[in-house]
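>>> no sequence for this one, just the structure:
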């Protein structure tokens with residue numbers, strides 16, 4: 001098992017600290033798909049009982065980060081073409097719906113923030129800073145998700161995106177992110193015009209763009 005550091009935060013339970021540490025290691029690529037996460041090793045390494053580890057594994061499995069396999073233990077979940085299709089199909093519907101609602105409620109400051117983030121995204125693409133690119137891409141979408149009037153929808157999309165973060169790094173590479181930046185400009189203009197139909201259409205188109213690129217990369221093997 002890869003070296004894993006459990007974050008110290010007195011405001012979190014032990015189970016929460018284990019969940020966050022493993023989740024972050026998976027998202028950041030420290031624990032690649034197929035990596036075995038050994039329960040006994042974690043217990044021995046940090047001098048803790050297996051109970052909070054098992055509880056953490058159950059939560060991570062429910063979130064889609066790991067699979068608990070009989071006689072093998074916890075393994076970092078892999079990604080199939082069907083997983084990609086399912087993820088982006090849901091992303092299209094949920095973010096499209098959020099964009100439609102946000103078109104009526106976005107304040108001028110929100111739209112200005114989206115413009116700033118998209119400019120920062122373009123600058124990060126020139127520097128080929130993949131992590132920064134992905135963070136900014138997520139922030140752009142999070143702006144209209146936060147103000148869409150549905151906190152549950154926002155939380156669902158956040159969790160979905162987190163699960164797929166390590167795979168979506170592919171989309172942040174030069175030659176691919178430029179397409180999203182141009183689409184973001186169109187989305188901003190639709191929000192500025194308060195055109196709910198167009199905002200929904202363009203956000204769905206942006207998700208479809210990501211789906212097409214990621215499926216293409218998976219097909220290369």
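Arrived safely, thanks for sending. Predicted model, so just to flag it, every value in this text is computed and none were measured.

>>> phi, psi of residue 148?
Main-chain torsions, residue 148, degrees, to the nearest 10: phi -80, psi -10.

>>> what about it, distance to residue 48?
40 Å (Cβ to Cβ, to the nearest Å). Using the backbone N, CA and C atoms, a C-beta is placed for each residue, glycine as well.

>>> Same check on residue 118?
Residue 118 sits at a distance of 44 Å from residue 48 (criterion: Cβ to Cβ).

>>> Now stretch 45-57: buried residues?
46, 52, 53, 55, 56, 57 (16 or more other Cβ atoms under 10 Å).

>>> Beyond the helix or strand residue 135 falls within, next helix or strand please.
In the assignment (DSSP states H and E), residue 135 maps to helix 130-146. On the C-terminal side of helix 130-146, the nearest following helix or strand under DSSP H and E is helix 151-168.

>>> Could you list every helix and strand in contact with the helix or strand harbouring residue 200?
In this structure, residue 200 sits in helix 196-219 according to DSSP H and E. Judged by 3 or more Cβ pairs under 8 Å, 6 or more residues apart in numbering; DSSP states H and E, the packing partners of helix 196-219 are helix 81-105, helix 151-168, helix 177-192.

>>> run the last query once more with 7 Å
Packed against helix 196-219 by the contact rule (3 or more Cβ pairs under 7 Å, 6 or more residues apart in numbering; DSSP states H and E) you find helix 81-105, helix 177-192.

>>> Run the angle between it and helix 177-192 for me.
170 degrees (axes from the mean of the first three to the mean of the last three Cα atoms, to 10 degrees).

>>> Give me the contacts around helix 196-219.
Contact with helix 196-219 is made by 81, 84-85, 88, 91-92, 95-96, 99-100, 103-104, 167, 170-171, 176, 179-180, 183, 186-187, 190-191, as judged by Cβ atoms under 7 Å, 6 or more residues apart in numbering.

>>> now with 6 Å?
Residues outside helix 196-219 that contact it (Cβ atoms under 6 Å, 6 or more residues apart in numbering): 81, 84, 88, 91-92, 95-96, 99-100, 103, 170-171, 176, 179, 183, 186-187, 190-191.

>>> which of the residues you listed are buried?
84, 88, 91-92, 95-96, 99-100, 103, 170-171, 176, 183, 186-187, 190-191.

>>> Sketch out the low-pLDDT regions of the protein for me.
1-11, 169, 174, 221 (pLDDT under 70).

>>> Can you tell me which residue is spatially central in it?
In the chain, the centroid-proximal residue (Cα atoms, centre = their mean) is residue 161; its distance is 2.4 Å.

>>> With adjacent residues omitted, what lies nearest to that residue?
Computed as Cβ to Cβ, 6 or more residues apart in numbering, the closest residue to residue 161 that is not its neighbour in sequence is residue 138, at 6.1 Å.
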